[in-house]
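Peer 1: all I have is the shape, not the residue letters:
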Ligand code: SF4
C-alpha cells in the first residue's frame, strides 16, 4: 500500500476509524491503472454495502482477552448475508467486538456484535449478543441489545431475517420509541401510576427486547 501511495499519489496514506485505508491525491489520469493493481483485488476499492461498513477487533488470533474469533467470522458472515439478501441490502455498518472491552465499537454501529460463549445441549460454543441502532457522528447514540446468545454458526441466517426489516432509519426510530416508552413508564412509576420500570441498558429486559422486535 505504501508503494501504491508513493507511485500513484504523493506518498501519503491515511487510516480511518472505520478500518479503511485512503490513498489521497491520486490524479484522474492514474486512477484506472491504480484500480488494476493486484493488491486491490484483495483489498477492494469498491466494497459491497456490508463489507464497506464492516469493522472487527482482532479477536482471538492476536488478543488474549478474546472470547471468540472475530475477523474471519465477520467477513464470512457479511458474505453469506450478502449472498442471501443480494441487492435488497441497504448500506449498513456492522461492528464486531470479541469481548466486553468493545474495541470493535459494537455500540456505535447499525448492527453491533459482541462475542461470548454459550452452552447448547451441554456443548460450549461461540456465540454473540446482537445490538442495533448505534451510531457515532453528530447525533451519537449507543446501540441497544436485540438478541442474546445467538450461536455464530446460525448468525448469518438470523441477520438475514432481521436486516430487510431494520433499515438504518428504522433501527434508530425503533430505539427512540423504546427509550421514549421506557422513560414515560419510568416517570409514571415514579408518580405511583404504574409499577413496571423496564431497563434501557445492555442488560435490557426481555420485555424491552420484545418491543424492539415488534416495531
Ligand atoms: S474487544 Fe476484546 S477481544 Fe477484541 S481486541 Fe478488544 S480486548 Fe481483544
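Peer 2: Here it is on my side, so go on. As the structure is a computational prediction, the values presented were derived from the model and not from experiment.
Peer 1: only C-alpha atoms for contact and neighbour calcs from this point on.
Peer 2: OK.
Peer 1: helix/strand/coil for the residue in the chain that the ligand sits nearest to?
Peer 2: Using C-alpha to the nearest ligand atom, the single residue of the chain nearest to the ligand is residue 66, 3.3 Å away. Put simply, residue 66 is coil when judged by DSSP: H, G, I helix; E, B strand; the rest coil.
Peer 1: mind checking pLDDT for it?
Peer 2: Looking at residue 66, its pLDDT reads 96.
Peer 1: end to end on stretch 78-98, go ahead and measure it.
Peer 2: 16 Å (C-alpha to C-alpha, to the nearest Å).
Peer 1: one step back: okay, now the residue of the chain closest to the ligand: neighbour count?
Peer 2: 20 (other C-alpha atoms under 10 Å).
Peer 1: how about residue 154?
Peer 2: For residue 154, using other C-alpha under 10 Å, the count is 11.
Peer 1: give the helix, strand or coil label for it.
Peer 2: Residue 154 - assigned by three-state DSSP - is helix.
Peer 1: thinking again about what came up before, isn't the residue of the chain closest to the ligand up against residue 98?
Peer 2: Yes. At 4.9 Å, residue 66 counts as touching residue 98 under the criterion of C-alpha atoms under 8 Å.
Peer 1: give the bridge partners for the residue most central in space within the chain, please.
Peer 2: Per C-alpha atoms, centre = their mean, the C-alpha nearest to the average position across the chain is that of residue 94, at 2.2 Å. Counting by DSSP bridges, residue 94 forms beta bridges with residue 54, residue 111.
Peer 1: give the contact list for it.
Peer 2: 50, 53-55, 106, 109-113 (C-alpha atoms under 8 Å, 6 or more residues apart in numbering).
Peer 1: still on that earlier bit, distance of the residue of the chain closest to the ligand relative to residue 35?
Peer 2: 35 Å.
Peer 1: now do the SS call for residue 83.
Peer 2: helix.
Peer 1: what residues does the chain put near the ligand?
Peer 2: 57-59, 63, 65-66, 97-99, 101-104 (C-alpha under 6 Å from any ligand atom).
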